[in-house]
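Peer 1: Here's a sequence, model it:
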Amino acid sequence: MNSSRVSYFTLAAYLDSGLLRYLFFMLVLSLYLLILCANVLLIVVICMNRSLHEPMYVFLCSLFVNELYGSTGLFPLLLVQILSDVHTVSASVCLLQVFCVYSYGSVEFFNLAVMSYDRYLAICCPLQYNTRMTTKKVTMLIAVTWLFPFLAIVVLISLTSPLQLCGNIIHKVYCGNYAIVKLSCSDTTVNNVYGLIYTFLSIILPLLLILYTYMRILKVCFSGSKQTRQKAVSTCTPHLASLLNFSFGVCFQILQSRFNMSSVPHMLGIVLSLYFLTCQPLFTPVLYGLKMSKIWIMCKRMLCGNM
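Peer 2: Have a look, this model is predicted:
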């Protein structure tokens, strides 16, 4: 079967839930609206307050925009599928979802890496911070954070779309690149090699950069003053929590797509596969909104009408 004849894919992980589908629909819709409100609120707060126009908050704003982008790549199609009797999706929409989900993951890791570099400069090189983290550099870092993942995923999609497929059943609740590649009748060596390169550049490399910066930060904290340690803890704790939470979700997603996970209960597998796309977009704004005192104060002022 040629890929040009595959006009749709069937998402086979959905269960026949009967009338419970309406309850699931309302729960998922409520979660999506909560994610939208939380992230939009913090984006507006950062954009409208000059006191928050600093590199750290600009990178945070980029992170919140990515949470909106990633959740929007999942939730609309997920909501449609929950109410649908036939769980099919057109090939073009499926590839679009692959683009959104994968680029979201890449941008998230790159954004977290850039934020760790920013914290490294602020804590380890405080006197040179303003000269080294200029507006031009901030703009360049954000541009790389978004453009590189987008270009990398365009290449990924261009390698997947021409494949000759021998089926159209995807055993997931949303579209995944490797799930499509596994349906191929033709040789997928190039896809597999590029997949490994993409994984290294988009996940391993940012994690190595984050590990290096935190080793330097820890070194300064152990040899520095109590004030330095307090500054490091207050600004790095939410970043580390966000990183660990997202890494857990991505790790399970990679394991699930590459290995046989039949021993995992079906419903648990669905929940864990959705974890990094549903929990992270809500976890991030709630965490930073509560832990970052400046943002928390501005949020209260805005919501209470004292802005």
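
Peer 1: how about low-confidence regions in the stretch 151-300 of the chain?
Peer 2: 224, 228, 231, 260-261 (pLDDT under 70).

Peer 1: hey, where'd the helices end up in it?
Peer 2: Listed in chain order, the helices of the stretch 151-300 of the chain (DSSP state H, counting those that start in this stretch) span 177-181, 189-199, 205-223, 226-258, 266-278, 280-291, 293-304.

Peer 1: Mean neighbour count and distance to residue 143 added to those helices, as a markdown table?
Peer 2: Bear in mind the C-beta positions are built from the backbone N, C-alpha and C, glycine included. Putting the helices of the stretch 151-300 of the chain into a markdown table (neighbours: other C-beta atoms under 10 Å; distance: least, C-beta to C-beta, whole Å) gives the following:
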| stretch | mean neighbour count | distance to residue 143 |
| --- | --- | --- |
| helix 177-181 | 20 | 25 |
| helix 189-199 | 14 | 20 |
| helix 205-223 | 16 | 16 |
| helix 226-258 | 16 | 21 |
| helix 266-278 | 17 | 24 |
| helix 280-291 | 20 | 21 |
| helix 293-304 | 14 | 24 |
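
Peer 1: mind checking which of those is nearest residue 151?
Peer 2: helix 189-199 (11.0 Å; C-beta to C-beta).

Peer 1: quick one: that closest one to helix 226-258, angle?
Peer 2: 160 degrees (axes from the mean of the first three to the mean of the last three C-alpha atoms, to 10 degrees).

Peer 1: what packs against helix 189-199?
Peer 2: helix 135-160, helix 177-181 (3 or more C-beta pairs under 8 Å, 6 or more residues apart in numbering; DSSP states H and E).

Peer 1: Could you list the alpha-carbon positions for it in PDB?
Peer 2: C-alpha atoms of helix 189-199 as PDB (Å, rounded to 0.1, in the frame of the first residue of the first chain):
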ATOM      1  CA  THR A 189      17.100   3.000   7.800                       C
ATOM      2  CA  VAL A 190      17.400   6.700   7.000                       C
ATOM      3  CA  ASN A 191      14.400   7.400   9.200                       C
ATOM      4  CA  ASN A 192      15.900   5.500  12.100                       C
ATOM      5  CA  VAL A 193      19.300   7.100  11.800                       C
ATOM      6  CA  TYR A 194      17.800  10.600  11.600                       C
ATOM      7  CA  GLY A 195      15.500   9.700  14.600                       C
ATOM      8  CA  LEU A 196      18.600   9.000  16.600                       C
ATOM      9  CA  ILE A 197      20.300  12.200  15.500                       C
ATOM     10  CA  TYR A 198      17.100  14.100  16.300                       C
ATOM     11  CA  THR A 199      16.900  12.500  19.700                       C
END
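
Peer 1: which residues are in contact with it?
Peer 2: Contacts to helix 189-199, defined as C-beta atoms under 8 Å, 6 or more residues apart in numbering, come from residues 152, 155-156, 159-160, 163, 177-178, 181, 184, 254.

Peer 1: follow-up on the earlier one: mind putting the helices and strands packed on helix 189-199 in CSV, distance to residue 54 included?
Peer 2: Shown next, in CSV, are the helices and strands packed on helix 189-199 (distance: least, C-beta to C-beta, whole Å):
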stretch, distance to residue 54
helix 135-160, 9
helix 177-181, 37
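
Peer 1: Highest mean neighbour count out of these?
Peer 2: Most buried of the helices and strands packed on helix 189-199 by mean neighbour count (mean count of other C-beta atoms under 10 Å) is helix 177-181; its value is a mean of 20.

Peer 1: hey, C-alpha coordinates of that one in CSV?
Peer 2: Taking Å, rounded to 0.1, in the frame of the first residue of the first chain, the C-alpha atoms of helix 177-181 are listed here in CSV:
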residue,chain,number,x,y,z
ASN,A,177,6.1,9.7,14.0
TYR,A,178,7.6,6.3,15.0
ALA,A,179,4.1,4.7,15.0
ILE,A,180,3.8,5.7,11.4
VAL,A,181,7.3,4.6,10.5
